[in-house]
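*Asks:* fold the following and give me the result.
(chains A, B and C)
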Amino acid sequence: MDSALIPDGVKRCSFGKFALGIIIAGGVLLWGVYAMLLIWLKGLNQTNMNDYYGFALWIWADLGVIALGGGAFFIGLLRYVIGKDELKNIINYAVLIGFICYSSALLILAIDVGQPLRSWFIFWHANIHSMLTEVAFCLSCYFAVLTIEYIPLILENRQINKVPFFHNLAHNMHEVMVIFAATGAFLSFFHQGSLGGTPAVLYGRPFAFREGVFIWPWTFFLFTWSAAAYGPCFTLFVTRLTEKITGKKLVKQNVIDLLAKISGWMMGTYIIAKIIDTWYWATVTATASGFNLIDFYSNNPFYGIWILIAEIVVCGIVPALILLTPKGRSNSTLLFTAVLLACIGVLLNRWVMVLQVMAAPVMTFENWVMYIPSWQEVATTILPVAYGVILVMISFRYLPIFPQERELNS
Amino acid sequence: MKEEGKHKKAKKYGMVINLDECTGCGACMVACMAENNVPFKEDESNKLDSIAWMRVYKLTNGKSYPEADICYLPRPCMHCEGEHGHSPCVSVCPATATDYNHETGIVSQIYTRCFGCRYCMAACPYHARYFNWWDPVWPEGSTKYLSPNVSPRMRGVVEKCSFCFHRYQLAMDKAFLEGRTVLEEDEYQTSCTQACPAGAITFGDLNNPEHKVHQLAKPDNKHGGRPGNPNVFRLLERLGTNPKVYYMSSREWVRQAGDNYLDNEDFAKNYRH
Amino acid sequence: MFPFSFEWIWDVGHMVFMGGLWYALTILGLGMTYCILKAVVDTMHGKGGQHH
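*Replies:* From the prediction side, this is the model:
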């Protein structure tokens, strides 16, 4: 039915099967859209946020998807600027995943603010001292970069590419992609960093507050570093997932191996830096405010010391070690476990830096406050996942995402 | 001559709340809500999402009879100065919707500019900032009793205590018409101060040695406004928020409850820095 | 955001921060303009037929 649109020389499932998948994901998407409309029409009283939880599930989701989408900028940097040519075989997918992650982040932010129609104030009345301003600027600019990187992929659809103008445009965009990729890396460095700075500049919140250099707290660098380390893991994770679902080999092992190895090194070094940061914070920064490390991990039903161990050891050191050893990388199950653990690790880090910051009491006569999101919050957080699945399905079916697919499945 | 000298110096409005006198009656909360058109819900039982610019906390010393003791602690916005006006909330607002006024030391909130990101709420360790989760609904007829000097807020924005800034503006207008540039101490007082039946709240210019707040707190401006009176303390002094609300109590456990201390720290030693 | 906004100050912070924003926007804008214009010229020269 739609065979004329499918790239040359590759096999895709029947249109019926494809349509069924779209309908299922579309149903979930509609559920999310319904919740989104409820929130826009009735206000944020539809959530379980409160005056103690001004930041909650959505901000975590934002930080999470931006970290996971970090694969796009880092692989782009490695491919176009540093010149790791093999990565051209995975960059398209990284761009697509990045595009989904960043558009999701922007959508969630639009739902999250109390007065969405005033969102442009962040640009118009920008406070240059606020980390969020920097986030908003770089996020929107970088989303523009991702759109620019995604456009040539769309233009390479078999039918669209037949139009000479589109063909030429795609070609020209590829030619200057290094400039866009470098700009994207520059922007990413700052917005990933600013997201790290967002909790860390809160000097009224000893759990979040970090010292740093010049105007940047240490987490500024840790967030950028972790996005570069963990983002490619999410690209690898989704690639492997796509391979399993489609039953096709899509990317050659040497490409996976190279990216996993780079990720392993980034993660290993990041974890060392993270341990130093945690140690310094626990022994110097927090104690100066009258807090012991254990104060942040006790007297509440959820946030125990386990969360720190899970983040640093189980989802940090372990996947880094797997990815750093050739055996770990070549073993499919081990590799899959490592990238999955890594994704959980970075999500856990973002959770802690948002939710635990809100939960921990600062005044001595207050207690921990727990929070469970409302269904509207959950639905609007799942919405981007459904949207992502749909965009991946459409892109995979109609666009030449994986240059090695034809060769690997001939 | 003296008047001119005073005029040149920036004012720093602040409070001293005597916790030994506070009975926890809540008159300050009620007065504040009425004065500032603070919206309320039909069911106010969930304190996590209801608005109280002035909130009275109940503290206990955790001991049993006969040593059991309680203390009520009214908490308005602390109007933190931080370092040079770099207060925790002002510095983070992405849209410049909250501002530190260097002339008065008051932290403002511009409701029509706030777009409700709530970063300032995350920044404030005192939970002095509140979000309008709902549209304000006033019972029929009660809109006639709203204060015309304070704009009601809309859904989706953050609000907080303004030290009744409209009263400052009115007092300044009056002074201007009378050809003065300096306010007398009693010309500008917050509604909570006036409402307190025990007289536990004192309000005035912390920079003015003639004002009672200055005499009570004895703020040391060279050291971030730290109180010179040994019975006076500020909430979370160690964080460096440099608040302009001072508390006074002769009870050590109350003063100790104002901040966090490590187990091995000697409170008396640390308190005096 | 713009020098004519009333909160604009000509200080180092504004110049570096806003300079960064405008720098990025200029690169993206010019880059895309170049790509589109060149594609128009290329198409007019008959490039980009059926195969590439």
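
*Asks:* name the helix or strand for residue B:246, please.
*Replies:* strand B:245-248 (DSSP states H and E).

*Asks:* also residue A:302?
*Replies:* Going by DSSP H and E, residue A:302 is not in any helix or strand.

*Asks:* just give the nearest non-adjacent residue to the residue of chain B found nearest chain C, would you?
*Replies:* Nearest residue of chain B to chain C, counting by C-beta to the nearest C-beta: residue B:96, 5.7 Å away. From N, CA and C alone the C-beta is placed, and that goes for glycine too. Nearest non-adjacent residue to residue B:96, counting by C-beta to C-beta, 6 or more residues apart in numbering or on different chains: residue A:127, 4.4 Å away.

*Asks:* contacts only, for that neighbour.
*Replies:* A:133, B:93-96 (C-beta atoms under 8 Å, 6 or more residues apart in numbering or on different chains).

*Asks:* so where's the chain shaky on pLDDT?
*Replies:* I went with chain A, as the question did not name one. Within chain A, no stretch has pLDDT under 70.

*Asks:* meant chain C, my bad for not saying
*Replies:* C:49-52.

*Asks:* what residues does it put near chain B?
*Replies:* With C-beta under 8 Å from any C-beta of the partner chain as the criterion, chain C meets chain B at residues residue C:7.

*Asks:* residue contacts, residue A:1?
*Replies:* Per C-beta under 8 Å, 6+ apart, neighbours of residue A:1: residue A:15.

*Asks:* next one: phi and psi at the nearest residue to residue B:130 once chain neighbours are set aside?
*Replies:* Distance criterion C-beta to C-beta, 6+ apart; nearest residue to residue B:130, sequence neighbours excluded, is residue B:51 at 4.2 Å. Backbone torsions for residue B:51, taken as degrees, to the nearest 10, come to phi -100, psi 130.

*Asks:* so residue B:51 makes contact with residue B:39?
*Replies:* Yes: counting by C-beta atoms under 8 Å, residue B:51 does reach residue B:39; the two are 6.3 Å apart.

*Asks:* hey, what's in contact with both of those two?
*Replies:* With C-beta under 8 Å, 6+ apart as the test, residue B:51 and residue B:39 both reach residue B:132.

*Asks:* and these two? Which one has more around it.
*Replies:* Set side by side, residue B:51 and residue B:39 show more neighbours around residue B:51, with 24 against 21, by other C-beta atoms under 10 Å in any protein chain shown.

*Asks:* state the distance from that one to residue B:41.
*Replies:* In this structure, residue B:51 and residue B:41 are 9 Å apart, going by C-beta to C-beta, to the nearest Å.

*Asks:* next: residue B:93.
*Replies:* The value you get for residue B:93 to residue B:41, if C-beta to C-beta is used, is 26 Å.

*Asks:* which one of the two has more residues nearby?
*Replies:* residue B:93 (27 against 15).

*Asks:* phi, psi of the more buried one?
*Replies:* Dihedral angles (degrees, to the nearest 10) for residue B:93: phi -60, psi 120.

*Asks:* for it, give me its contacts.
*Replies:* A:127, A:130, B:114, B:119-120.

*Asks:* output the lowest mean pLDDT helix or strand found in chain B.
*Replies:* Lowest on mean pLDDT, DSSP states H and E among the helices and strands of chain B sits helix B:2-8, with a mean of 47.

*Asks:* following that helix, which helix or strand shows up next?
*Replies:* strand B:13-18.

*Asks:* right, is the helix or strand just after that following strand up against chain A?
*Replies:* Per DSSP H and E, the first helix or strand lying C-terminal to strand B:13-18 is helix B:27-35. No: judged by C-beta under 8 Å from any C-beta, helix B:27-35 stays clear of chain A, getting no closer than 15.2 Å.

*Asks:* average pLDDT for the helix or strand following helix B:27-35?
*Replies:* Later in the chain than helix B:27-35, the nearest helix or strand by DSSP H and E is strand B:55-60. In this model, strand B:55-60 has an average pLDDT of 97.

*Asks:* swap in stretch B:14-26?
*Replies:* 97.

*Asks:* and the gap between the closest residue to residue A:45 other than its chain neighbours and residue A:374?
*Replies:* Computed as C-beta to C-beta, 6+ apart, the closest residue to residue A:45 that is not its neighbour in sequence is residue B:133, at 4.4 Å. Separation of residue B:133 from residue A:374 (C-beta to C-beta): 12 Å.

*Asks:* comparing those two, which residue is more hemmed in?
*Replies:* Shown here are residue B:133 and residue A:374; by other C-beta under 10 Å, residue B:133 has more neighbours (22 against 18).

*Asks:* wait, what's in contact with that one?
*Replies:* Residues near residue B:133 by C-beta under 8 Å, 6+ apart: A:43-45, A:49-50, B:49, B:155.

*Asks:* near chain B, which residues of the stretch 151-300 of chain A show up?
*Replies:* Counting by C-beta under 8 Å from any C-beta, the stretch 151-300 of chain A comes close to chain B at A:198-199, A:201-206, A:287-292, A:295.

*Asks:* find the pair from the residues you listed with maximum spatial separation.
*Replies:* A:198 and A:292 (24.9 Å; C-beta to C-beta).

*Asks:* who has more neighbours, those two?
*Replies:* residue A:198 (30 against 16).

*Asks:* so which strand or helix has the more buried one?
*Replies:* helix A:177-200.

*Asks:* restricting to C-alpha, output that helix in PDB.
*Replies:* Presented in PDB, the C-alpha positions along helix A:177-200 are these (Å, rounded to 0.1, in the frame of the first residue of the first chain):
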ATOM      1  CA  MET A 177      26.300  19.900   9.000                       C
ATOM      2  CA  VAL A 178      29.600  20.300  10.800                       C
ATOM      3  CA  ILE A 179      28.700  23.900  11.600                       C
ATOM      4  CA  PHE A 180      25.300  23.000  12.900                       C
ATOM      5  CA  ALA A 181      26.700  20.100  14.900                       C
ATOM      6  CA  ALA A 182      29.400  22.300  16.400                       C
ATOM      7  CA  THR A 183      26.800  24.900  17.400                       C
ATOM      8  CA  GLY A 184      24.700  22.100  18.800                       C
ATOM      9  CA  ALA A 185      27.600  20.900  20.900                       C
ATOM     10  CA  PHE A 186      28.200  24.400  22.200                       C
ATOM     11  CA  LEU A 187      24.500  24.900  23.100                       C
ATOM     12  CA  SER A 188      24.300  21.500  24.700                       C
ATOM     13  CA  PHE A 189      27.300  22.100  26.800                       C
ATOM     14  CA  PHE A 190      25.600  25.100  28.300                       C
ATOM     15  CA  HIS A 191      22.000  23.800  28.700                       C
ATOM     16  CA  GLN A 192      23.000  20.500  30.000                       C
ATOM     17  CA  GLY A 193      25.300  22.400  32.400                       C
ATOM     18  CA  SER A 194      22.600  24.900  33.300                       C
ATOM     19  CA  LEU A 195      20.300  22.100  34.100                       C
ATOM     20  CA  GLY A 196      22.900  20.800  36.500                       C
ATOM     21  CA  GLY A 197      23.200  24.300  37.900                       C
ATOM     22  CA  THR A 198      19.500  24.700  38.300                       C
ATOM     23  CA  PRO A 199      19.400  22.800  41.700                       C
ATOM     24  CA  ALA A 200      22.900  23.400  42.600                       C
END
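
*Asks:* buried set for it?
*Replies:* Across helix A:177-200, burial judged by 16 or more other C-beta atoms under 10 Å in any protein chain shown covers A:177, A:179-200.

*Asks:* so which bits of the stretch 151-300 of chain A are right by chain C?
*Replies:* Neighbours of chain C within the stretch 151-300 of chain A, by C-beta under 8 Å from any C-beta: A:161-162, A:164-169, A:171-173, A:176, A:179-180, A:183, A:186-187, A:190.
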